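# Below are the sequence and a predicted model for it; my questions follow.
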Amino acid sequence: MNRIYKSSRTTIAIILVVVTLLGFGYRLYDIQVINHEFYAAQNSNVKTYTVPLPAARGDIVDRNGNPLVTNRQGNCIILDAAYFPSAEENEERNRIILNLINLFKRNKEEYARNLPLKLDKNGQARFITEKDNEKYKTMIKEMKSKDMLNLQDYATAQNCFDAAVEKYGLENYIEAGDFTTAYEIMNVRYELTRLLFSVSNPVAIAEDVSDRTVAEIKENSESYKGADVQVVPYREYVDSSLAPHILGTVRNINAEEYERLKNEGYGITDEIGESGIESAMESYLRGTPGEKTVTIDSKGNVTEEITKEPAQGDTIVLTIDKALQKVAQTKLRETCNKVSSRSTGAVVVENCNNGEILAAASYPAYDLNDYYEHYSELAKDEQAPLYNRFAMGSYAPGSTFKPMMATAALQEGVIGEGTVFNCGGQFHVGEMVFKCTDSHGGENVRRALRDSCNIFFYNCAQKLGIERMNLYGSMFGLGEKTGVEIPEAKGILAGPEYRKKFDMVWRPGDTVQAAIGQSDNLFTPLQLCNYCATIANGGTRYQMHFVRSRISNATGTVSDTGSNVVKTLEVSKNTMSVVREGMRMVATDGGPSGIFSLIDTKVACKTGTSQVVVKGVKHNNGFLITFAPYKNPEISIASAIELAGSGTSTAQITAALINYYYSQNNSEKSAQTEGTLLG
């Protein structure tokens, strides 16, 4: 009985073994014969990547189609992870990078140096902070972050250097005492880490290199394995000194911007508009990146195919006139230099009837070609060339405020066009005494504008009160942003509301001071120009703008900005006529008459002066608002010259602009399409 049981057990075991072998055999047959192609494909380890291709930014042209900002093609050197040694081959990576560094140095090429460390003469690491403290603080924080060197906030520069040596396997250079070579390689390796180097994201390590460097890399591919040449668009300025505060700058996207914008299609290596129109119109200018599909098979063979061509961004047509802008900049510079080596200023020209800005200049300025190269010096310059005075500069407007006061007083009926106030040179408010520049005798509103009589407008202020004064100031857009596409200051309209913010009391004497453009009043040249335009056109305040239209690169469709009416003043034609007549008398019989008599175009204007203290010494800033021609006005101009002494001293700028506009600028043409412009 026991033998029978053992025999059965043996038989069952044999059957199980046979079944198992048959199962394995069938499985092997299925893999090798029946479904061979399927399993071969599964085992081939083919990997596919999508690599973005940079798109050229759109052009920026003036109102006549003259190019201001375009693109040129240049060569950059990239490292491509599809061909570069893998992370396991660290020494080979460092060897190739060192070969490239030596090549760049030999050919005097700039290459990646975004590591915020430097070495002293003893090979000790130090943080870079002296050029731009805030910028480098951000860079140092990024370097210590978890995604980079993963160090604590309190880590020293030497801690950072040592961590980078370990991260990038540079110990052999340190042991040999070659700290400089380790540091140079470290800079490039850090750039790869910072910009998320991968097959899908090649990283540029040298921009805009020479043909000689390109040739050497192509001819010695083994020494520079993984390095490739990419033809990319670079921003080019037809005149890099023209309208820098309007056009603005472009730079590489930073880490914070990338995190915010990556879902909108931005890559970590993309460029972005930093300031001016480049920033304001970024969504239209940036273009649409193309795509390259990279396939790597199990044997490491790489194939590439462009699956989507990049598309250039749209063309932005500005309202400015290139030649008029040049005149504005030249005359502004000449006037400021004539006043003083420390004088600065701004000038704006606007189309009275639609809000288009024809020219806007700030002095001193800078050159767009070397903006980043000289940024540190520009930022430290006492004259602040980076500061946009026509949009951000807020000035006490002085007597240029008086046409608004005249409008308010006439329209509110507190004076008539024949009302006369006697000017004896002084005006009393309680125990306070306010003065005029002269004893003008009896003055009506027209003569008061001509003579810039303070006493007349002190009387108007007392009759109006600050609330009604500010009602009209707001109607004219004073103390309010004009709506331009680039950053601008709001300014200040003096009054109790503003004083409350600082727990300060508004007194009767403040009201009369405000009436002549003093007290807390601060306005930008843009606001003064738009205010003058509103007087000129009879009471329509337009939104000021720099963008005239946009031309689609894809379809050629032109999208016009058009004009936007912000406010239509409820002011009678007679009131406006009286104010304009008074401003005309300033041009014919006032301080600027000697200059305006030399040009053919009849103009109307108002000068202004306000006192400032510079290094303990009192000086006067000069202002002038003007419109032309006197009948059927077309343009308004506002100029502000710091330390000028008077508004009259700015009249030469205005005269030159008007003279050019009416004697030279008589052949305006419409903006062309992008394709035509590039041809």
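Structure's in. What do you need?
# only C-alpha atoms for contact and neighbour calcs from this point on.
Fine.
# And the strands in the stretch 351-500 of the chain?
Taking DSSP state E, counting those that start in this stretch, the strands of the stretch 351-500 of the chain run over residues 357-363, 421-423, 426-429, 432-435, 441-443.
# And for residue 123, nearest residue in space, chain neighbours not counted?
residue 179 (6.0 Å; CA to CA, 6 or more residues apart in numbering).
# still on that earlier bit, is it possible to export the strands of the stretch 351-500 of the chain to TSV including mean neighbour count?
Converted to TSV, these look like this (neighbours: other CA atoms under 10 Å):
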stretch	mean neighbour count
strand 357-363	28
strand 421-423	19
strand 426-429	14
strand 432-435	13
strand 441-443	16
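# Okay, now the unreliable bits of the protein?
Residues of the chain meeting the criterion pLDDT under 70: 1-13, 15-44, 130-133, 614, 665-679.
# spatially speaking, which residue is in the middle of it?
Closest to where the C-alpha atoms of the chain average out (CA atoms, centre = their mean) is residue 275, at 0.6 Å.
# Check the burial of residue 662 by counting its neighbours.
14 (other CA atoms under 10 Å).
# ok, back up a step: to residue 635, which of the strands of the stretch 351-500 of the chain lies closest?
Closest to residue 635 of those, according to CA to CA: strand 357-363, at 8.7 Å.
# Strand partners (parallel or antiparallel) of that closest one?
Its sheet considered, strand 357-363 pairs with strand 345-351 (antiparallel) by DSSP bridges.
# if we can go back for a sec, possible to save the strands of the stretch 351-500 of the chain as TSV with distance to residue 141?
Below are the strands of the stretch 351-500 of the chain laid out as TSV (distance: least, CA to CA, whole Å):
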stretch	distance to residue 141
strand 357-363	35
strand 421-423	65
strand 426-429	58
strand 432-435	56
strand 441-443	66
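# closest one to residue 470 among those strands?
strand 426-429 (20.0 Å).
# got a list of contacts for that closest one?
Here strand 426-429 makes contact (CA atoms under 8 Å, 6 or more residues apart in numbering) with 433, 434, 435, 436, 455, 458, 508, 509.
# Given that strand, what are its sheet partners and their directions?
Partners of strand 426-429 in its sheet, by DSSP bridges: strand 432-435 (antiparallel).
# quick one: the partner strand to chain centroid distance?
Here strand 432-435 is found 45 Å from its chain centre; the criterion is CA atoms, centre = their mean, to the nearest Å.
# list the contacts for the closest residue in space to residue 424 that isn't next to it in sequence?
Nearest residue to residue 424, sequence neighbours excluded (CA to CA, 6+ apart): residue 439, at 4.6 Å. Residue 439 makes contacts with 423, 424, 425, as judged by CA under 8 Å, 6+ apart.
# now swap in residue 483 and tell me
Going by CA under 8 Å, 6+ apart, the list of residues near residue 483 reads 543, 544, 545.
# Neighbour-wise, which one of the residues you listed leads?
Counting by other CA under 10 Å, top hit in these: residue 544 with 26 neighbours.
# mind listing what that one touches?
Here residue 544 is in contact with 354, 355, 356, 357, 482, 483, 484, 530 (CA under 8 Å, 6+ apart).
# Closest to residue 387 out of these?
Of those, the one sitting nearest to residue 387 (CA to CA) turns out to be residue 484, at 16.5 Å.
# wait, doesn't that closest one sit right on residue 548?
No. Judged on CA atoms under 8 Å, residue 484 makes no contact with residue 548 at a distance of 11.6 Å.
# Now do the residue nearest to residue 123: how many residues are near it, please.
Residue 179 has 19 nearby residues by other CA under 10 Å.
# Surely it touches residue 122?
No. At 9.3 Å, residue 179 does not count as touching residue 122 under the criterion of CA under 8 Å.
# Show me the helices in the stretch 251-400 of the chain, by range?
Taking DSSP state H, counting those that start in this stretch, the helices of the stretch 251-400 of the chain run over residues 255-261, 276-280, 282-285, 322-339, 375-380.
# Show me what counts as buried in the fourth one.
Applying a neighbour-count criterion of 16 or more other CA atoms under 10 Å, the buried positions in helix 322-339 are 322-329, 331-333, 335-336, 339.
# Mind giving me the packing neighbours of that helix?
strand 345-351, strand 357-363, helix 651-663 (3 or more CA pairs under 8 Å, 6 or more residues apart in numbering; DSSP states H and E).
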